[in-house]
Structures are given as structure tokens and as C-alpha cells.
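Chemist: sequence? don't have it. structure:
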């Protein structure tokens, strides 16, 4: 458990590979590190160069819940 409502679960084990899943409320953003890093870079660029960013059509990255496992139905 991470906090009260975020849980790391082992999804699969195959020889020397372990696949992990993250169960969290949709209100908590969960990103792989490279996605999170890109969001941070984009946000910093938008703040540091607001005129250039808006004139070039650059938008702040918000990937929301992308990358989450679908929740079981029912």
C-alpha cells in the first residue's frame, strides 16, 4: 500500500520478469517515469516561455488517466 488508497499489485511473474500494476482512484494521476518527465518538461517550458509557447500552439501536457489498467466491470 502507498497511502490509504494506492496499491501496487503483482500482475504476472515470468522467469526473470515481474509485471506490476497500480490500483488508484482516477483522481490520482499515475504515470510511468518517462511520461511524468515529459509532462514536467512541457509544463516548465510553458511557464518559462508563455509568449513563445502560446504563439507556437504548445499546450501543457495533461495525460490524465492514460496508461491505467481498465477497471473490472461489475
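Modeler: It's in. The shown structure was predicted, so the numbers you read here are calculated from the model rather than taken from an experiment.

Chemist: give me the below-cutoff pLDDT ranges for this structure.
Modeler: Applying pLDDT under 70 to the chain flags residues 50-74.

Chemist: mind giving me the domain ranges of it?
Modeler: Domain assignment for the chain by automatic domain parsing gives 1-27, 31-66.

Chemist: with mean neighbour count added, can I get those in JSON lines?
Modeler: No exception for glycine: its C-beta is placed from N, CA and C like everyone else's. Output for the domains of the chain, formatted as JSON lines (neighbours: other CB atoms under 10 Å):
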{"stretch": "domain 1-27", "mean neighbour count": "10"}
{"stretch": "domain 31-66", "mean neighbour count": "12"}
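
Chemist: can you map out the strands along the chain?
Modeler: Listed in chain order, the strands of the chain (DSSP state E) span 7-14, 17-23.

Chemist: I'd say residue 18 and residue 10 touch.
Modeler: Yes: assessed by CB atoms under 8 Å, residue 18 is found in contact with residue 10 at 6.3 Å.

Chemist: how about the helices in this protein?
Modeler: 33-48, 50-55 (DSSP state H).

Chemist: put together a markdown table for those helices, with distance to residue 4 on each row.
Modeler: Shown next, in a markdown table, are the helices of the chain (distance: least, CB to CB, whole Å):
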| stretch | distance to residue 4 |
| --- | --- |
| helix 33-48 | 22 |
| helix 50-55 | 37 |
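
Chemist: between the ones you listed, which one is nearest to residue 2?
Modeler: helix 33-48 (15.2 Å; CB to CB).

Chemist: so what secondary structure elements neighbour the closest one?
Modeler: The helices and strands touching helix 33-48, judged by 3 or more CB pairs under 8 Å, 6 or more residues apart in numbering; DSSP states H and E, number zero.

Chemist: can we see that at 10 Å?
Modeler: Contacts defined by 3 or more CB pairs under 10 Å, 6 or more residues apart in numbering; DSSP states H and E place helix 33-48 against helix 50-55.
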